[in-house]
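>>> Below: sequence and its predicted model.
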Amino acid sequence: MMARPWNILVLCADNSANSILAEALLNALGGGRLCAYSAGTQPADRVSPYALELLDAQGLMTDGLRSKSLDEFTHPTAPTMDLVITVGDAATAEAGPSWLGQPLITRWDLVDPAAMEVGGASGAEIRQAYMQAYAALAERILTFLSLSFEQLDRAELEQHMTEIGRAGAGASVPNAAEILSAEEE
């Protein structure tokens with residue numbers, strides 16, 4: 001009998017790019033082992049259209065994805081988190097509240113591709129930045145999912161999560177739809 005799925009919150013500043021990509025990837029690839037959410041300490045008005053375009057191109061569901069405030073996950077009726085992954089800088093990691101249930105908190109520092117949208121970059125440059133972020137997240141998430149994380153003690157899991165956070169982007173961008181169809185075979 002499987003224990004309840006792990007609740008994972010991916011936290012960043014604006015919840016429009018990296019955290020949205022991670023939420024979609026974790027839910028798609030998690031195989032029922034987890035339930036992923038995302039939030040921002042200062043949420044944007046909308047999810048980046050480049051993030052949604054990329055997720056669509058990768059065959060991932062985008063229905064229901066929205067930029068959310070961290071406040072949605074800090075009240076007593078919110079799901080209790082087992083793991084909080086920050087995908088921003090140190091300031092984002094330190095902005096988190098005191099969590100109910102004392103989840104493991106880890107940092108996966110990534111460049112925010114949404115910053116390029118206001119920096120005058122071309123559409124091709126922005127799409128490339130999103131692909132790089134997606135590749136880094138996919139590699140880290142697949143590594144995390146290869147662990148028997150439900151059975152590791154906190155210290156072991158913390159060590160693994162720190163190592164995963166230090167990993168760079170893979171040489172190629174994994175296609176989530178291909179991964180999912182290979183798992184079904």
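Thanks, I have the structure now. Bear in mind that the values here come from a model prediction, so they are computed numbers and not experimental data.

>>> SS state for Ser38?
Following DSSP: H, G, I helix; E, B strand; the rest coil, the label given to Ser38 is strand.

>>> Which residues are in contact with it?
Ser38 sits next to 9-12, 15, 19-20, 22-23, 68 when contact means C-beta atoms under 8 Å, 6 or more residues apart in numbering. From N, CA and C alone the C-beta is placed, and that goes for glycine too.

>>> in the chain, which helix has the most residues?
Counting residues, the longest helix in the chain under DSSP state H turns out to be helix 123-146.

>>> Considering the contacts of Ser38, which possesses the most neighbours?
Counting by other C-beta atoms under 10 Å, Ser19 has the largest number of neighbours within the contacts of Ser38, with 33 neighbours.

>>> Run through the neighbouring helices and strands of the longest helix of the chain.
When contacts are defined as 3 or more C-beta pairs under 8 Å, 6 or more residues apart in numbering; DSSP states H and E, helix 123-146 packs onto helix 18-29, helix 49-57, helix 154-166.

>>> Put the alpha carbons of that helix into PDB.
Coordinates of each C-alpha in helix 123-146 appear next as PDB, following Å, rounded to 0.1, in the frame of the first residue of the first chain:
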ATOM      1  CA  GLY A 123      11.600  36.000 -29.100                       C
ATOM      2  CA  ALA A 124      14.200  33.400 -30.100                       C
ATOM      3  CA  GLU A 125      16.600  34.400 -27.300                       C
ATOM      4  CA  ILE A 126      13.700  34.200 -24.800                       C
ATOM      5  CA  ARG A 127      12.600  30.800 -26.000                       C
ATOM      6  CA  GLN A 128      16.200  29.600 -25.700                       C
ATOM      7  CA  ALA A 129      16.400  30.800 -22.100                       C
ATOM      8  CA  TYR A 130      13.100  29.000 -21.300                       C
ATOM      9  CA  MET A 131      14.500  25.800 -22.900                       C
ATOM     10  CA  GLN A 132      17.600  26.000 -20.800                       C
ATOM     11  CA  ALA A 133      15.600  26.400 -17.600                       C
ATOM     12  CA  TYR A 134      13.300  23.600 -18.600                       C
ATOM     13  CA  ALA A 135      16.300  21.300 -19.300                       C
ATOM     14  CA  ALA A 136      17.900  22.100 -15.900                       C
ATOM     15  CA  LEU A 137      14.600  21.500 -14.200                       C
ATOM     16  CA  ALA A 138      13.800  18.300 -16.100                       C
ATOM     17  CA  GLU A 139      17.300  16.900 -15.300                       C
ATOM     18  CA  ARG A 140      16.900  17.700 -11.600                       C
ATOM     19  CA  ILE A 141      13.400  16.400 -11.300                       C
ATOM     20  CA  LEU A 142      14.200  13.200 -13.100                       C
ATOM     21  CA  THR A 143      17.200  12.700 -10.700                       C
ATOM     22  CA  PHE A 144      14.900  13.400  -7.700                       C
ATOM     23  CA  LEU A 145      12.300  11.000  -9.000                       C
ATOM     24  CA  SER A 146      14.900   8.300  -9.400                       C
END
